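> Show me the folded form of this:
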Amino acid sequence: MLRAQAGDRGAFAVLFERYEKPIYNFLRRLGMIPAEAEEGTQEVFLKLWGRRAQYKPGGPFRVYLYRIARNHRIGQLRRPPMDSRRWLASRQGQGAVADPAEAVSLGELGGKVHDLLGELPEGIREPFILRWMQQLPHAEVARITGLTARQAEDRAAAGFERLASRLRPAAGRKA
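Model (predicted):
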């Protein structure tokens, strides 16, 4: 980041290549449709380039980048709601699997997880996504969300437990 901060576009391109997919996945898991997440990823990196002088060396770059992405998503949530037809159309054709039965099963599971993520309270959803889906350590989750490390750990665990309990087959649930 220090080279990019000095205006080195090649160094910035390396950062983009390294973090483009994780930021895209983060935005998708926060509820953006693919087209919005692609556009959002581009906007996050444009903001990063525009604010490169504000980055303070010594702080973890990944935390700085995820904060930009998080703030971008918060800004998106303040906009008018998305047309549901556009959202449904975006969920079709999200990759192919060789076995059609497996594709149906994975598609159903992915759709169920996506829906359940949307049901998690915001205070639990973000820490859960950052910890379990983006695989960031609790300390970084805490810095990104403004929580303590313990709060981040507790909330990520609560999200995991809620999703796990909702995904267990009905027969396997305790009475």
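> Quick one: residues contacting the residue nearest to the spatial centre of the chain.
Geometric centre of the chain, nearest residue: Phe26, 1.5 Å, by Cα atoms, centre = their mean. Applying Cβ atoms under 8 Å, 6 or more residues apart in numbering to Phe26 gives the contacts 66, 69, 129-130, 133-134. C-betas here are computed from N, CA, C, even on glycine.
> can we see that at 6 Å?
By Cβ atoms under 6 Å, 6 or more residues apart in numbering, the contact set of Phe26 is 69, 134.
> What strand or helix carries it?
For Phe26, the element it lies in under DSSP states H and E is helix 9-29.
> hey, C-alpha coordinates of that helix in PDB?
Output in PDB follows, covering the C-alpha atoms of helix 9-29 (Å, rounded to 0.1, in the frame of the first residue of the first chain):
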ATOM      1  CA  ARG A   9      -0.300   2.300 -10.200                       C
ATOM      2  CA  GLY A  10       1.400  -1.000 -10.600                       C
ATOM      3  CA  ALA A  11       1.400  -1.600  -6.900                       C
ATOM      4  CA  PHE A  12      -2.300  -0.500  -6.800                       C
ATOM      5  CA  ALA A  13      -3.000  -3.100  -9.500                       C
ATOM      6  CA  VAL A  14      -1.400  -5.800  -7.300                       C
ATOM      7  CA  LEU A  15      -3.700  -4.800  -4.400                       C
ATOM      8  CA  PHE A  16      -6.700  -4.900  -6.700                       C
ATOM      9  CA  GLU A  17      -5.800  -8.400  -7.900                       C
ATOM     10  CA  ARG A  18      -5.200  -9.600  -4.400                       C
ATOM     11  CA  TYR A  19      -8.400  -8.200  -2.800                       C
ATOM     12  CA  GLU A  20     -10.900  -7.900  -5.600                       C
ATOM     13  CA  LYS A  21     -12.600 -11.200  -5.000                       C
ATOM     14  CA  PRO A  22     -12.600 -11.000  -1.200                       C
ATOM     15  CA  ILE A  23     -14.200  -7.600  -1.300                       C
ATOM     16  CA  TYR A  24     -16.700  -8.700  -4.000                       C
ATOM     17  CA  ASN A  25     -17.600 -11.800  -1.800                       C
ATOM     18  CA  PHE A  26     -18.000  -9.600   1.300                       C
ATOM     19  CA  LEU A  27     -20.400  -7.200  -0.500                       C
ATOM     20  CA  ARG A  28     -22.400 -10.200  -1.900                       C
ATOM     21  CA  ARG A  29     -22.700 -11.700   1.600                       C
END
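> Let me know the next secondary structure element after that helix.
Using DSSP H and E, the next helix or strand after helix 9-29 towards the C-terminus is helix 34-50.
> Now that following helix: average pLDDT?
Average pLDDT, helix 34-50: 89.
> ok, back up a step: quick one: the helix holding Phe26 to helix 34-50, angle?
140 degrees (axes from the mean of the first three to the mean of the last three Cα atoms, to 10 degrees).
> Sweet, I'm off.
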